[in-house]
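Peer 1: got a predicted model here, sequence first, then my questions.
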2 protein chains.
Amino acid sequence: MRQAGRYLPEYRAIRARVPFLELCRTPEVAAEVTLLPVERLGVDAAILFADILLITESLELGLAYSRGDGPVIRHPVRSAVEVARLPERDPYETLPFVFETVRRARAALAGRVPLIGFAGAPFTVASYLVEGGASRHFLETKRLMYGDPGAWHALLGLLARTTGRYLAGQVGAGAEAVQLFDSWVGALAPEDYRRFVLPHTRAVIQAVPAGVPVIHFGTGTAGLLEAMRDAGGDVVGLDWRVDLGAAWARLGPGVGVQGNLDPAALLAPLGAIRQRVATVLAQADGRSGHIFNLGHGVLPETPVDHVRVMVDAVHELSARPARPADVGAG
Amino acid sequence: MRQAGRYLPEYRAIRARVPFLELCRTPEVAAEVTLLPVERLGVDAAILFADILLITESLELGLAYSRGDGPVIRHPVRSAVEVARLPERDPYETLPFVFETVRRARAALAGRVPLIGFAGAPFTVASYLVEGGASRHFLETKRLMYGDPGAWHALLGLLARTTGRYLAGQVGAGAEAVQLFDSWVGALAPEDYRRFVLPHTRAVIQAVPAGVPVIHFGTGTAGLLEAMRDAGGDVVGLDWRVDLGAAWARLGPGVGVQGNLDPAALLAPLGAIRQRVATVLAQADGRSGHIFNLGHGVLPETPVDHVRVMVDAVHELSARPARPADVGAG
């Protein structure tokens, strides 16, 4: 999950002087933001600070961020002709600043915690390109998908190739794992996911160098989990709308899970937060392969102290009980 | 699912002269709208035309509908004091026009198809009261739920008692089944649903007279289906984010299912619509206890002809194949 954001006063201070896209394009600052949650909260990994739509910058569609941080695509792509017109460019040429951010963040972390790379999955990125921004019902996206499957697959194919190279580039620059965000894929029926999305997501995951763990995340995916697992990857990200234990049982022992505290739970009183962390950990039942996380990003309204209490509770409650041998050695 | 709406030109014509709340309060017109989909589309049941927030009119919170049809509650309820201040009034006194709509619609249907009553479930209605309108993250709702469970349960208890009487009243006036809409309950973790919502939904369902079928519907509920079944009711409504066959298998043979075509699929070309109807019917596998429906309401952008094609396809494709005895008798 992206960890930096508006709930952090340090981030808000940076954003007061640097617009969002400029921040993403400035490795020195983006690397600093990448490290913020490690320093401020004591989390166990850093996530590259970037935006899932950076990859579309090379498509010349007029990406901009409105005042409220919502992305706007001035020239949405809604037909076969418009898809065919998209240039296919190499992220090594178009996004050098991201790779530089990865290099700087990795160096600054100096081995304290691992660095996780980050990209949007083809469906979610395509939804912005087709809708022209955020969406509630994804009507234009589905209209293209159902109405012109050929154009749809061409669009997702292009995004998958570019995203695969982009993630491989992040690994080359120093990312030790990667997260693939299919944030809005939960809008789809399972059958549509398998037909219109899975092959492209699989292509992205296969482009990640062997041995680098891939975390595959979406929201509202309670009906899609098996299909997402089938797309590949080592860890399936769960949102809070599923019972973590039940979801993991469905996925089987072959994959890990990440999740899944409701981000809104961080608005609760501190005692309730600790209790809810304990519940998630109990559902994971101490099995290795569980990465504790929120079920989606930190909400801007969240008090930083509450996030800190969550992190501390995870560390405290998931510390392995001392085994007899350890006691003897201690 | 509510069947009447802005996609119907006849409905738009009525709304051009009658504001939304006035329509709900005028039995003659509300009954006419209730029958529209039966006459226009040939569906197999009529759903009472009403709004889930009518029940809150007696709470004196300043319910209004903005130009875009979005509900606004001028005085949201966010504390124990505000909950305690809510008057508890009998829907027989406050909503006589709904019962009159039921009587008129039942009479006008004259036995052609059954009439289904309709109410919002306590969680979804409470979410509007607490947020003050529609919401994306339900932060205030969850803040109250986590922060003051006593106030939360008092609020849902009040809504459950009132809604139970409201549905019993609809049955008394002539509704032959009822649908309970928990449209936004999919925002909750399963654990929170069981603790903060299920007992109240169960109380509503138990207040429906014995022998009257109850359909229990929500969206984004792929992780909540078993818990929703445990709240009671004869049929669980499924949205399109689950495979209907897999969901029914999870629920077991004790309940029926309703669903679950993606409403956005009605924007597809006509051939694709027929194909997708066939897929849903194949997932139901001809088992009795499946009510074909969309996974949520008809989108305003939907061409009426496309809805009609769906209804016709359901009738055609779900006609039982002739058994040998029938053939002999024919």
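Peer 2: Cool, got the structure. Since this is a predicted model, take the numbers as computed values, not measurements.
Peer 1: please make it C-alpha for all contacts and neighbour counts, starting now.
Peer 2: Will do.
Peer 1: element containing A:Arg308?
Peer 2: helix A:304-318 (DSSP states H and E).
Peer 1: the stretch 151-300 of chain A: strands as residue ranges?
Peer 2: With strands called from DSSP state E, counting those that start in this stretch, the stretch 151-300 of chain A shows them at A:177-182, A:214-218, A:235-237, A:256-261, A:290-294.
Peer 1: which residue, other than its chain neighbours, is closest to A:Ala121?
Peer 2: A:Asp182 (4.9 Å; Cα to Cα, 6 or more residues apart in numbering or on different chains).
Peer 1: what does chain A put close to chain B?
Peer 2: Contact residues, chain A versus chain B (Cα under 8 Å from any Cα of the partner chain): A:137, A:139, A:142-143, A:146-147, A:186-191, A:220-224, A:240-243, A:262, A:264-265, A:267-269, A:272.
Peer 1: for ChimeraX, write a command that selects the buried ones of these.
Peer 2: Selection command for ChimeraX covering only the buried members of the residues of chain A next to chain B, criterion 16 or more other Cα atoms under 10 Å in any protein chain shown:
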select /A:139,142,143,146,147,186,187,188,189,190,191,220,221,222,223,224,240,241,242,243,262,264,265,267,268
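Peer 1: ok, A:Gly271 - how many residues close by?
Peer 2: 9 (other Cα atoms under 10 Å in any protein chain shown).
Peer 1: quick one, what contacts it?
Peer 2: Taking Cα atoms under 8 Å, 6 or more residues apart in numbering or on different chains, we find A:Gly271 in contact with no residue.
Peer 1: report the separation between it and A:Val298.
Peer 2: 19 Å (Cα to Cα, to the nearest Å).
Peer 1: over to A:Pro91?
Peer 2: 28 Å.
Peer 1: likewise for A:Ala154?
Peer 2: 34 Å.
Peer 1: who's more crowded, these two?
Peer 2: Ranked by neighbour count (other Cα under 10 Å), A:Ala154 and A:Val298 place A:Val298 first, with 23 against 14.
Peer 1: from what I can see A:Ala119 touches A:Leu180, true?
Peer 2: Yes. Between A:Ala119 and A:Leu180 a contact is recorded at 5.2 Å, counting by Cα atoms under 8 Å.
Peer 1: give the contact list for the nearest residue to A:Val212 once chain neighbours are set aside.
Peer 2: In this structure, A:Val212 finds its nearest non-sequential neighbour in A:Ala177, 5.3 Å apart by Cα to Cα, 6+ apart. Contacts for A:Ala177 (Cα under 8 Å, 6+ apart) come out as A:Pro114, A:Leu115, A:Ile116, A:Gly117, A:Val171, A:Val212, A:Pro213, A:Val214, A:Ile215.
Peer 1: relative to chain B, how far out is the closest residue to A:Asn260 other than its chain neighbours?
Peer 2: In this structure, A:Asn260 finds its nearest non-sequential neighbour in A:Gly295, 4.2 Å apart by Cα to Cα, 6+ apart. With distances taken as Cα to the nearest Cα, to the nearest Å, A:Gly295 is found 10 Å from chain B.
Peer 1: any idea how far B:His290 is from A:Gly295?
Peer 2: 33 Å.
Peer 1: what do you get for A:Glu301?
Peer 2: In terms of Cα to Cα, A:Glu301 sits 43 Å off from B:His290.
Peer 1: same check on A:Leu225?
Peer 2: Counting by Cα to Cα, the gap from A:Leu225 to B:His290 is 24 Å.
Peer 1: next one: A:Leu129
Peer 2: A:Leu129 is 37 Å from B:His290, by Cα to Cα.
Peer 1: okay, the two: which has more neighbours?
Peer 2: Between A:Leu129 and B:His290, A:Leu129 has the larger neighbour count (other Cα under 10 Å), namely 26 against 20.
Peer 1: what's the angle from the host helix or strand of the more buried one to strand A:177-182?
Peer 2: Following DSSP H and E, the helix or strand that holds A:Leu129 is helix A:122-131. If you take axes from the mean of the first three to the mean of the last three Cα atoms, to 10 degrees, helix A:122-131 sits at 40 degrees to strand A:177-182.
Peer 1: how far does helix A:122-131 sit from its chain's centre?
Peer 2: From the chain centre to the centre of helix A:122-131 is a distance of 15 Å (Cα atoms, centre = their mean, to the nearest Å).
Peer 1: next: stretch A:83-91.
Peer 2: On Cα atoms, centre = their mean, the centre of stretch A:83-91 falls 23 Å from the chain's centre.
Peer 1: buried sites along it?
Peer 2: In stretch A:83-91, counting by 16+ other Cα under 10 Å, buried: A:Val83, A:Arg89, A:Pro91.
Peer 1: check stretch A:113-125 too.
Peer 2: A:113-125.
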